[in-house]
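Peer 1: Got a predicted model here, sequence first, then my questions.
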Amino acid sequence: MATTKARFAQDDIAAAVPTDQGRAPTQAVPAAAALPNGFSVDLEDGATLLWRMISGEWTEPGAALGRQIDWILETLESAGATGTFFTVGDLARQRPALIRRIVAAGHEIGCHGLFHDSLDELGETAFRADIREARAILSDVAGQTVEGYRAPFFSLRAEMDWAHRVLAEEGFRYDASVLGAGPGLPRRLPGGLWESALTEVRWCGRSWPYGGAWLAALPACAAAPPPSGGTIFYMHPYNVGWNRLKRAGSRSPRALWMRCRHEQVHNLLAPRFRARLADLLGHGRWQPIARLVARAEAR
């Protein structure tokens, strides 16, 4: 079986690219360096996860997920872009054909946990078991070695050295969970794991993750395409719209708000999200995060 490292390290490697040496890269890479950007999708079924949060029960992935993935794959292909799909292990177990379609289109599969549980809920022992089982499922379904990880709910924080250690011990090559200040190459952590920090943008005196619903919710000046390479962008399938949640279940204020946010807010923002994403993909090169890690390793 070909490894992800072999598949995604075939582009030309820059001889030297200046980066910041802090916790997360903060210096923009000059355009002349031609550094690609990292495109990522947190592959989960929004309707399933929200229904679990509302009712405590699991449901099968909804029909909207297939339509959402179709649109994402077609849009990436039209732009000549590829990316990393950080996938929930249980979703891959239920929808293996969907994962194989993503792989066949030239994308990397990463790990997004087994059931999308927060690290704050798991703790070290359960976290190890979670990523071990999820990685085994994903590698088997995708037919590629899964080397990247992104924590559900961005719950892996910079100070969680124990999580970085467990990831390295379980054979992961890089983590893409931590928010960083600006574009740049991944950096190597003590213990050998690479950290590819998500890019943040500044607006109204605070930092926002670059992507997700914020791509559509923030003003155009804050959501503009990056001027240089090394940007890490993320999104969820439900950001492109066509969301619908089951009608039955709890009618508590919290449940009603969650349903409204998933169905109405995301669907309302979806047309702007799709338009801005198509524009974004026309600026620079967008590749799987593993390729940026390969460039960092070759410095």
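Peer 2: Nice, I can see it.

Peer 1: Check which helices and strands the host helix or strand of residue 121 sits against.
Peer 2: If you go by DSSP states H and E, residue 121 is part of helix 119-142. Counting contacts by 3 or more C-beta pairs under 8 Å, 6 or more residues apart in numbering; DSSP states H and E, helix 119-142 packs against helix 89-94, helix 96-104, strand 108-111, helix 161-169. For glycine as for every other residue, the C-beta is placed from the backbone atoms N, C-alpha and C.

Peer 1: so where's the protein shaky on pLDDT?
Peer 2: Low-confidence segments of the chain, defined by pLDDT under 70: 1-34, 51-57, 245-252, 254-262.

Peer 1: Which residue ranges of it form helices?
Peer 2: For the chain, the helices defined by DSSP state H occupy 4-7, 46-55, 63-79, 89-94, 96-104, 119-142, 161-169, 214-217, 253-260, 266-280, 289-297.

Peer 1: Among those helices, show me which one is buried the most.
Peer 2: Stretch with highest mean neighbour count among the helices of the chain: helix 289-297 (a mean of 24; mean count of other C-beta atoms under 10 Å).

Peer 1: now that one: how far from the chain's centre is it?
Peer 2: 15 Å (C-alpha atoms, centre = their mean, to the nearest Å).

Peer 1: which helices and strands sit right next to that helix?
Peer 2: Partner elements for helix 289-297 (3+ C-beta pairs under 8 Å, 6+ apart): helix 4-7, strand 37-43, strand 108-111, strand 148-149, strand 174-175, strand 194-195.

Peer 1: Save these as TSV, and put in distance to residue 211 too.
Peer 2: Listed next are the helices and strands packed on helix 289-297 as TSV, based on distance: least, C-beta to C-beta, whole Å:
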stretch	distance to residue 211
helix 4-7	22
strand 37-43	8
strand 108-111	15
strand 148-149	16
strand 174-175	17
strand 194-195	18
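
Peer 1: Select, out of the ones you listed, the one closest to residue 244.
Peer 2: Closest approach to residue 244 among these (C-beta to C-beta): strand 37-43, 18.5 Å.

Peer 1: who touches that closest one?
Peer 2: 69, 72, 76, 81-88, 91, 102, 110, 112, 150, 176, 183, 196, 226, 229-237, 281, 284-289, 291-292 (C-beta atoms under 8 Å, 6 or more residues apart in numbering).

Peer 1: and that strand, which strands flank it?
Peer 2: strand 84-87 (parallel), strand 232-235 (parallel), strand 286-287 (parallel) (DSSP bridges).

Peer 1: So which of these has the densest surroundings on average?
Peer 2: It is strand 84-87: most buried of those by mean count of other C-beta under 10 Å, with a mean of 28.

Peer 1: TSV for the strands paired with strand 37-43, including distance to residue 97?
Peer 2: TSV is the format used below for these (distance: least, C-beta to C-beta, whole Å):
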stretch	distance to residue 97
strand 84-87	13
strand 232-235	22
strand 286-287	25
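
Peer 1: Which one of these lies nearest to residue 189?
Peer 2: That would be strand 232-235 among the strands paired with strand 37-43, by C-beta to C-beta, at 16.1 Å.

Peer 1: Around the closest residue to residue 79 other than its chain neighbours, how many other residues sit close by?
Peer 2: Once flanking residues are discounted, residue 79 sits nearest to residue 281: 3.7 Å by C-beta to C-beta, 6 or more residues apart in numbering. Using other C-beta atoms under 10 Å, residue 281 has 21 neighbouring residues.

Peer 1: show me what contacts residue 281?
Peer 2: 39, 75, 76, 79, 81.

Peer 1: Could you measure from it over to residue 74?
Peer 2: Distance, residue 281 to residue 74, using C-beta to C-beta, to the nearest Å: 12 Å.

Peer 1: Would you agree residue 96 is in contact with residue 137?
Peer 2: No. Between residue 96 and residue 137 there is no contact under C-beta atoms under 8 Å: 9.1 Å.

Peer 1: Touching both of those two, which residues are there?
Peer 2: By C-beta under 8 Å, 6+ apart, no residue touches both residue 96 and residue 137.

Peer 1: which ones are touching residue 60?
Peer 2: Contacts of residue 60 (C-beta under 8 Å, 6+ apart): 48, 94.

Peer 1: Quick check: the gap between it and residue 175.
Peer 2: 30 Å.

Peer 1: go on, residue 167?
Peer 2: For residue 167, the distance to residue 175 - C-beta to C-beta - is 6 Å.

Peer 1: and for those two, which residues touch both?
Peer 2: With C-beta under 8 Å, 6+ apart, residue 167 and residue 175 have common neighbours 149, 193.
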